[in-house]
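1. here's a sequence, model it:
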Amino acid sequence: MLSTGFNPNETVQTQRTNKDGTKSMFSCPTAVAKYNAIMGGVDRFDQLQGCYAIGRRSVKWWHRIFYYLIDLAVVNSFILWTVSRDRDVSFDQLTFRLRLARQLIGDFTSRKRRGPSAVAFLAHKCKVPDDVRTVGRHLPTQGSTFRRCRLCSSATHEKRTRYLCDVCNVPLCAATCFKKFHDNDFLTYCVA
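-> Numbering: from 1, shown residues only. Here you go, the predicted model:
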């Protein structure tokens, strides 16, 4: 054993428990006695961490350090949780880890969210009020960028146009969609 903290010639008297349960005194170096006095915390951490370790093999060395630090945080939080709790209620480490995981995950889901349905998508397109959409003189103007057509573009088929209605400020295809959008029968088109 190498140590710079203790003189190797100094010894202290310590107790040893024999196989039959009796205790006897013996002398050992001071470094060994001090290590045995404080090493219990390290062994306890290794025991708690070894049961449910999250570490995985990896080619990248820093992954191992990251996994170790997560294990360290979880085990330390488990110890603090057991110290601060009432002694009557006993939870093991597995129960603690499961509760911790559920709280961290929350309501997250990895499932892809479905896009809006066709009816909802068309209903979103009808946001211009009827009195603005159908009354007055509407002319197409050419914009500087291409935007999605309010009428014929859908979630599955995207159609872009450069033309805008000068009154409604809505992007519309000049050839087909402009007249349909400003027609009185447009609401039946949205609902159908």
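
2. okay, which residue is most central for this structure?
-> In the chain, the centroid-proximal residue (Cα atoms, centre = their mean) is residue 105; its distance is 6.6 Å.

3. low pLDDT regions in this structure?
-> 40-41, 86-90, 112-134, 184-192 (pLDDT under 70).

4. any chance you could map the strands in it?
-> 11-17, 23-29, 140-148, 160-165 (DSSP state E).

5. dump those to CSV, plus distance to residue 94 and mean neighbour count.
-> C-beta: built from backbone N, CA, C; applies to glycine. Listed next are those as CSV, based on distance: least, Cβ to Cβ, whole Å; neighbours: other Cβ atoms under 10 Å:
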stretch, distance to residue 94, mean neighbour count
strand 11-17, 31, 11
strand 23-29, 36, 11
strand 140-148, 51, 12
strand 160-165, 55, 19
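
6. quick one: closest of the ones you listed to residue 171.
-> Set against residue 171 and scored by Cβ to Cβ, these come closest in strand 140-148, at 4.0 Å.

7. please parse the chain into its domains.
-> Here the chain is described, according to automatic domain parsing, as comprising the domains 1-38, 51-104, 118-191.

8. closest to residue 110 out of these?
-> Proximity to residue 110, assessed across the domains of the chain by Cβ to Cβ, is greatest for domain 51-104 (14.3 Å).

9. could you check how far residue 7 is from residue 29?
-> 9 Å (Cβ to Cβ, to the nearest Å).

10. for the spatially closest residue to residue 158 that is not a sequence neighbour, give the beta-bridge partners.
-> Beyond its immediate neighbours in the sequence, the residue positioned closest to residue 158 (Cβ to Cβ, 6 or more residues apart in numbering) is residue 148, lying 6.2 Å away. Counting by DSSP bridges, residue 148 is bridged to residue 160.

11. I figured residue 148 was touching residue 171, is that so?
-> Yes: with contact defined as Cβ atoms under 8 Å, residue 148 counts as touching residue 171 (6.4 Å).

12. identify the contacts common to those two.
-> Between them, residue 148 and residue 171 share these contacting residues under Cβ atoms under 8 Å, 6 or more residues apart in numbering: residue 161.
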